[in-house]
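Undergrad: Here is my input, please return the structure:
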Amino acid sequence: MNAALLAKYDGLRVPRYTSYPTAPHFTPAVGAERYAAWLAELDTAAHTGSLYLHVPFCAKMCWYCGCHTKIVARYAPIAEYLGHLRREVGMVADRIPGRLRVRHIHFGGGTPTMMAPDDFESLIDLLRARYDVAPDAEIAVEIDPRTLTREMAEALGRAGVNRASLGVQDFDADVQAAINRIQPREQTEQTLEWLRANGIGHINLDLMYGLPKQSVESVARSAEIALTMAPDRLSVFGYAHVPWMKTHQKKIDESALAGTLGRWEQFAAIADVLTDAGFRPIGLDHFAKPDDELSVQQAEGRLSRNFQGYTTDDAEVLLGFGASSIGALPQGYVQNAVPFDQYAQAVEAGRFPTGKGLALTADDRLRRDLIVRLMCDLSVDVGAVAQAHGLDAGTFDADLEAMADLVADGVAVVNGRRIDVPEPARPLMRIVAARFDTYLSTGAGRHSRAV
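TA: Numbering: from 1, shown residues only. You can find the predicted model right below:
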């Protein structure tokens, strides 16, 4: 892919499509009462569910961070928050008719493992008591190796956690200093030793490119070091520099950031190291071992995508708990209030802390299916998807004709009513997906750069 083509599309702002429609288009029109009604309508005999719990606390601010999080030096705010979280878990369970079957639980942050070991085990016990959690459910936790203790690793094992996602970003000391995240290799290795000793054998590692002071050579070295730790999966995310939204990013030296071509070369270098080692590229930014379930589902056309990224979880019901968390139901999306005080006040008053959401239309569901398949498979038969929704196979013929520019640039291949994203254009797949996004013109400026 040449520099001119990358520069041409880099100016675009497009979503990462962890949902469609995307979160910037949620509105207060969907609030607590609407969410309560949707929960009451759930058919627990027909749907399985997933649970996402957001724990928005960290011990130190990483300057690249784009998450909703809060820095704390004491445990009291965490303990108070967990009280609200437990109450919300119960409120939602009380509203659902019957016990929802659950096959996936994900703890995100922030740093979920800043919870005390006893509090974490107690929270897991509550989830099992209020929901029908499958004995073989995947229970995943995001972990910061800088703060995990042996005692917490033991508690994770006792609680049934079977997948851990470790934030690494980069092993280079200069890069770590530039992003305010000092994390020696030995710290990550010790964390992995503790996790595996407690039966947590499914390991994800997160790497990043586009960070200050990174080079093609340094990111390749980090990928090589990561492979020595024998992960099952790796996520490779591009740094999104948005200091107007995340003011702590102003501490990052913009002159040390790579340009468009440099970012692409860094991603390509990481991808080369991982694929040469036998890992398979998954969608936009994941890599997995050939026998990993992500790879298996992608090969079978069953891979899914949700707010946590690429996933083997195809549940139509995702219940989000905690400040800023997002949930998905057959009727639409809901997001909890982002400010901690608003979230806490609502829960204390016995109200759902829903801040905004979006009710799905038939057209939303149609376009969501198209976009998900493009993002997961790099290919979609738009005619077949239209027919599956009861529409004419030619529904999107005009859209296909309008992709002539992408076809000419080699970003897409249109064959009849099938669209394919060629392997060299994999990092630009969001641009192809965006052609089906009818909301984009009203929120394009709030999305991340296309490259």
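Undergrad: Report the contact partners of the most centrally placed residue in the chain.
TA: By C-alpha atoms, centre = their mean, the chain has its centre lying nearest to Gln308, at 2.5 Å. Contacts for Gln308 (C-beta atoms under 8 Å, 6 or more residues apart in numbering) come out as Thr18, Tyr52, His106, Gly108. In this view, the C-beta of every residue, glycine as well, is placed from N, C-alpha and C.
Undergrad: Among these, which one sits closest to Trp264?
TA: Within the contacts of Gln308, the smallest distance to Trp264 is 21.9 Å, found for Thr18 (C-beta to C-beta).
Undergrad: thinking again about what came up before, please indicate which of the contacts of Gln308 has the highest neighbour count?
TA: Among the contacts of Gln308, His106 has the most neighbours (other C-beta atoms under 10 Å), with 24 neighbours.
Undergrad: check contacts around that one.
TA: Residues near His106 by C-beta under 8 Å, 6+ apart: Ser50, Leu51, Tyr52, Leu53, Ala140, Val141, Gln308.
Undergrad: Which positions are bridged to the second one in the beta structure?
TA: So the one you mean is Leu51. In this entry, Leu51 is beta-bridged to Ile105, Leu319, by DSSP bridges.
Undergrad: ok, back up a step: and the two most separated of the contacts of His106?
TA: It's Ser50 and Val141 that sit farthest apart of these, by C-beta to C-beta, at 14.3 Å.
Undergrad: Can you pick out the residue with more neighbours from these two?
TA: Of the pair Ser50 and Val141, Val141 is the one with more neighbours under other C-beta under 10 Å, namely 28 against 25.
Undergrad: So for Val451, what pLDDT did the model give?
TA: At Val451, the pLDDT value in this model is 61.
Undergrad: In this structure Val102 contacts Arg130, no?
TA: No. Val102 lies out of contact with Arg130 (C-beta atoms under 8 Å); the separation is 9.7 Å.
Undergrad: Between these two, tell me which one has more neighbours.
TA: A count of neighbours by other C-beta under 10 Å puts Val102 above the other of Val102 and Arg130, at 23 against 19.
Undergrad: in the protein, what secondary structure element scores lowest on mean pLDDT?
TA: Least confident helix or strand of the chain, by mean pLDDT, DSSP states H and E, is strand 448-449 with a mean of 58.
Undergrad: And what about the spatially closest residue to Val30 that is not a sequence neighbour, helix, strand or coil?
TA: Closest residue in space to Val30, ignoring its immediate chain neighbours: Gly357 at 3.0 Å, by C-beta to C-beta, 6 or more residues apart in numbering. For Gly357, the secondary-structure state derived from DSSP: H, G, I helix; E, B strand; the rest coil is strand.
Undergrad: burial count for Gly357?
TA: 26.
Undergrad: Glu80 too?
TA: 12.
Undergrad: Ok, Thr361 next?
TA: Each residue near Thr361 was counted by other C-beta under 10 Å, and the total is 11.
Undergrad: So what touches the longest helix seen in the chain?
TA: In the chain, taking DSSP state H as the definition, the longest helix is helix 76-95. Contact with helix 76-95 is made by 36, 39-40, 53, 55-57, 70, 72, 99-100, 114-116, 119, 123, 126-127, 130-131, 319, 321-323, 340, 343-344, 347-348, 350, 352-353, as judged by C-beta under 8 Å, 6+ apart.
Undergrad: Which of those residues fall within strands?
TA: Leu53, Val55, Phe57, Lys70, Leu319, Phe321 (DSSP state E).
Undergrad: List only buried entries from those.
TA: The neighbour count (16 or more other C-beta atoms under 10 Å) marks Leu53, Val55, Phe57, Leu319, Phe321 as buried among these.
Undergrad: would you turn those into JSON lines with distance to Ile371 and pLDDT?
TA: Formatted as JSON lines, these follow (distance: C-beta to C-beta, whole Å; pLDDT from 0 to 100):
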{"residue": "Leu53", "distance to Ile371": "26", "pLDDT": "98"}
{"residue": "Val55", "distance to Ile371": "29", "pLDDT": "97"}
{"residue": "Phe57", "distance to Ile371": "33", "pLDDT": "95"}
{"residue": "Leu319", "distance to Ile371": "23", "pLDDT": "98"}
{"residue": "Phe321", "distance to Ile371": "26", "pLDDT": "98"}
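Undergrad: In those, find the pair that's most separated.
TA: For these, the farthest-apart pair by C-beta to C-beta is Phe57 and Leu319; their separation is 20.8 Å.
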